[in-house]
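J.: how does the following fold in three dimensions:
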Amino acid sequence: MFKFEHTPGNSDLNLRSLFDTLLYSSLYLCIAAVSMVYLSSVLQDIPISLAACGIMFLVTFSVYNLNRKTDEDEDAINHSRRYAFTKKYATVLMSVSLGTYVVAFLIAGIYGMMAVVITAIPLVNGILYSIPFLPPRGFRYRRLKDIPPFVKNFIVGLAWALPVALLPAACTGCSLGGEMTVAVGFFFFLLSFIDSTVFDIRDVKGDAETGVQTIPVILGIPKTRCLLSVMNCAGIAIILALCNGSLSTIETVIITGIAMYIQGYILFFNGTEREHSMYDLVADGQYLLLGGD
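T.: Numbering: from 1, shown residues only. Just a heads-up that it's a prediction; the model follows:
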């Protein structure tokens with residue numbers, strides 16, 4: 001019997017390299033962030049702002065690459081391929097990350113102090129999230145990320161929801177606030193909270209070994225999936241109520257559809273998947289689907 005073995009050629013290696021670059025440099029997530037700003041503008045009936053899209057692209061690239069630098073111990077266990085990529089290009093990623101946030105601030109400055117403050121939210125949240133700033137005496141934890149069980153996910157939710165909901169208005173001169181702004185902010189907070197917890201399911205082994213008390217570490221994966229299912233169903237119902245009939249039929253169908261999509265991957269992922277990049281592709285891919293609708 002002849003056995004055929006596939007030997008990776010140059011095209012396979014080039015595709016693998018491109019995939020790793022898009023995913024592990026956070027470029028894929030940056031594109032998803034632009035989709036979020038686009039959808040936020042549409043839902044709030046605000047003109048699409050290229051500046052707001054650009055700011056979120058740059059901020060996302062910067063914050064996530066800086067955060068991965070501080071999370072190397074967990075990544076070495078949870079995501080060895082991403083860890084290898086970020087270590088290999090550490091100098092380039094760090095330099096570009098710092099530069100992109102400076103550019104984001106410069107763009108925001110054109111539109112006023114409010115835009116600058118909103119642009120700073122992910123950076124401040126990222127610092128509080130990852131950097132040991134709490135005094136060693138009198139506090140059990142040094143980073144907000146380490147405080148169990150919901151603080152980490154709450155901070156991640158805010159870091160996404162506030163700029164995505166507020167930047168479109170700040171960069172177009174529209175008034176901030178209103179029912180739709182609250183609804184959009186809550187919508188993206190809910191999605192980000194659930195996503196970050198799903199990623200904690202993926203990383204449960206490394207988090208447990210390094211002492212990070214995430215929701216799945218404390219509750220276990222089955223109970224965490226039940227919790228996220230309840231949050232997803234109740235949250236979408238609250239969002240539709242907040243919109244108070246202001247959504248079109250198509251927008252209502254889209255939001256309901258994304259809730260079903262979220263429920264699908266909540267039930268699908270159980271922490272045993274060997275290909276961890278599937279979490280990023282599926283969970284962050286929902287924003288690309290939303291932006292394309």
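
J.: please enumerate the strands of the stretch 101-250 of the chain.
T.: Assigned by DSSP state E, counting those that start in this stretch, the stretch 101-250 of the chain shows no strands.

J.: give me the below-cutoff pLDDT ranges for the stretch 1-150 of the chain.
T.: Applying pLDDT under 70 to the stretch 1-150 of the chain flags residues 1-14, 70-78, 133-142, 145, 148.

J.: tell me the spacing between residue 105 and residue 120.
T.: Counting by C-beta to C-beta, to the nearest Å, the separation of residue 105 from residue 120 is 8 Å. Glycine gets a C-beta too; all of them are placed from N, C-alpha and C.

J.: likewise residue 191?
T.: In terms of C-beta to C-beta, residue 191 sits 22 Å off from residue 120.

J.: those two: who's more crowded?
T.: Ranked by neighbour count (other C-beta atoms under 10 Å), residue 191 and residue 120 place residue 191 first, with 25 against 16.

J.: kindly state the pLDDT recorded for the more buried one?
T.: According to the prediction, residue 191 has pLDDT 89.

J.: residue 267 too?
T.: 87.

J.: name the nearest residue to it, ignoring sequence neighbours.
T.: Closest residue in space to residue 267, ignoring its immediate chain neighbours: residue 225 at 6.8 Å, by C-beta to C-beta, 6 or more residues apart in numbering.

J.: can you pull the contacts of that neighbour?
T.: Residue 225 is in contact with 201, 266-267, 270, counting by C-beta atoms under 8 Å, 6 or more residues apart in numbering.

J.: again, but for residue 154
T.: residue 193.

J.: what does residue 115 give?
T.: 55, 108-109, 167, 170-171.

J.: now a PyMOL select for only the buried ones of those.
T.: Provided next is the PyMOL selection string for whichever of those are buried by 16 or more other C-beta atoms under 10 Å:
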select buried, resi 55+108+167+170+171
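
J.: export the contacts of residue 115 to CSV and tack on distance to residue 31?
T.: Converted to CSV, the contacts of residue 115 look like this (distance: C-beta to C-beta, whole Å):
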residue, distance to residue 31
55, 14
108, 20
109, 24
167, 16
170, 22
171, 19
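
J.: ramachandran angles for residue 248?
T.: phi -70, psi 170 (degrees, to the nearest 10).

J.: next, find the distance separating it from residue 42.
T.: For residue 248 relative to residue 42 (C-beta to C-beta), the value is 10 Å.

J.: then residue 201?
T.: 31 Å.

J.: again with residue 219
T.: To residue 42, residue 219 is 36 Å away according to C-beta to C-beta.

J.: ditto for residue 80
T.: Residue 80 sits 39 Å away from residue 42, going by C-beta to C-beta.

J.: likewise for residue 58?
T.: Residue 58 sits 21 Å away from residue 42, going by C-beta to C-beta.

J.: what about residue 57, which helix or strand?
T.: helix 50-70 (DSSP states H and E).

J.: buried residues, that helix. List them.
T.: Buried residues in helix 50-70 (16+ other C-beta under 10 Å): 51-68, 70.

J.: go on, stretch 205-215?
T.: By neighbour count with 16+ other C-beta under 10 Å, stretch 205-215 contains the buried residues 206-207, 212-215.

J.: still on that earlier bit, what is the helix holding residue 57 packed up against?
T.: Helix 50-70 sits against helix 27-43, helix 80-88, helix 90-110, helix 113-130, helix 151-170, with contacts defined as 3 or more C-beta pairs under 8 Å, 6 or more residues apart in numbering; DSSP states H and E.

J.: I'd like to check the angle between the fourth one and helix 151-170, please.
T.: This means helix 113-130. Counting by axes from the mean of the first three to the mean of the last three C-alpha atoms, to 10 degrees, helix 113-130 lies at 170 degrees to helix 151-170.

J.: if we can go back for a sec, of the contacts of residue 225, which is the nearest to residue 258?
T.: residue 266 (12.4 Å; C-beta to C-beta).

J.: compute the number of surrounding residues for that closest one.
T.: Residue 266 has 22 neighbouring residues, counting by other C-beta under 10 Å.

J.: phi and psi next, for it.
T.: The phi/psi pair for residue 266 (degrees, to the nearest 10) is phi -60, psi -40.
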